[in-house]
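Colleague: this is the structure alone, sequence omitted:
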Ligand SMILES: [Zn+2]
């Protein structure tokens, strides 16, 4: 079924366990470095997979996409200072995707950020960030004006309510947003990052989306969600049947991801925010290409080769 595959002559997928965060030679050379900060879903049920957040490094640029639970802690584990992040792109405003935003706003600042925190996201982002500054007014006032006298510029926020299209372009890195379909939750965006002739697309939360397929065409890496649990599993966590069916209906089934991957034909597809071995098997019924399930701190180096590095297995709770 080579019709689904792009030439793989230059492709090397290697799954390595790396000790610590020692950057490899490939890391320095890769036009795109993707770090899955959090590969998990909403509730804190697995301390191996925290909330959704992705770091993309391209040259001097360090861009964060979503900001789920404990994103700041995974960022530290990835060897990136809190103060190094001043650009965050949000797929949508569901709390599991943004709950660490105050942490990044405030801890980044008290760790030395001297530039405003720039935040891009769907309608409502500007107002949310304005309200966040009000919520933390005591801390901001005290640390900026009274005690430590941290940078006034560093606690400013530059928030943008985005639409489809290019939302950021600097240092040869282009970030484009495209609408996806998260049911009645609107608007929700996926993002595509292009740099150095390479590219990655991220689905955000979505059910099957034709718009994603058209915008993700030709990417090296496609990071896509898949329904994180079944109706029965959600009911076991306390949801009513109606709530559980609604949640599942607003995400992409494993079979549908196979269709998405087979049409986008990335060099590597990755499940994040869900994904189990049974889902991979289901997707492979229509998609014969490379597909991996993300772990926290999984790193993907994208250049002539696509190289996957994973941290050693941790003890699970
Ligand atoms: Zn959502």
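Modeller: Yep, it's here. If you're wondering where the values come from, they're calculated on a predicted model, not measured in any experiment.

Colleague: any idea how many residues pack against residue 76?
Modeller: 14 (other CB atoms under 10 Å). Where you see a C-beta, it was placed from the backbone N, CA and C, and this is true even at glycine.

Colleague: and it, backbone torsions?
Modeller: The phi and psi torsions at residue 76 (degrees, to the nearest 10) take the values phi -60, psi -40.

Colleague: just the pLDDT for it.
Modeller: Listed pLDDT for residue 76 reads 96.

Colleague: so residue 293 versus the ion, what's the distance?
Modeller: Using CB to the ion, to the nearest Å, one obtains 19 Å as the distance from residue 293 to the ion.

Colleague: can you check residue 49 too?
Modeller: When CB to the ion is the yardstick, residue 49 and the ion sit 16 Å from each other.

Colleague: element containing the nearest residue to that residue once chain neighbours are set aside, please.
Modeller: Nearest residue to residue 49, sequence neighbours excluded (CB to CB, 6 or more residues apart in numbering): residue 40, at 3.2 Å. When secondary structure is defined using DSSP states H and E, no element contains residue 40, which sits outside every helix and strand.

Colleague: ok, the one 3 residues further on next?
Modeller: Assessed by DSSP H and E, residue 43 sits outside every helix and strand.

Colleague: that one and residue 237 touch, don't they?
Modeller: Yes - the pair formed by residue 43 and residue 237 meets the contact definition of CB atoms under 8 Å, at 6.9 Å.

Colleague: residues touching the residue of the stretch 51-200 of the chain found nearest the ion, list them.
Modeller: Of the stretch 51-200 of the chain, the residue with the smallest distance to the ion, taken as CB to the ion, is residue 94 at 3.6 Å. Taking CB atoms under 8 Å, 6 or more residues apart in numbering as the criterion, residue 94 is in contact with 42, 185, 205.

Colleague: cool, and residue 166?
Modeller: Contact partners of residue 166, counting by CB under 8 Å, 6+ apart, are 174, 175, 176.

Colleague: list the beta-bridge partners for the second one.
Modeller: Translated: residue 175. As for beta bridges, residue 175 partners with residue 168, residue 193 under DSSP bridges.

Colleague: rewinding a little: what pLDDT does the residue of the stretch 51-200 of the chain closest to the ion get?
Modeller: pLDDT recorded at residue 94 is 95.

Colleague: and residue 248, by the same measure?
Modeller: pLDDT for residue 248: 85.

Colleague: surely it meets residue 234?
Modeller: Yes - judged on CB under 8 Å, residue 248 makes contact with residue 234 at a distance of 7.0 Å.

Colleague: and for the two, which residues touch both?
Modeller: Common neighbours of residue 248 and residue 234 (CB under 8 Å, 6+ apart) do not exist.

Colleague: can you tell me the SS state at the residue minimising distance to the centre of the chain?
Modeller: Closest to where the C-alpha atoms of the chain average out (CA atoms, centre = their mean) is residue 54, at 3.4 Å. Under the three-state scheme (DSSP: H, G, I helix; E, B strand; the rest coil), the conformation of residue 54 reads as strand.
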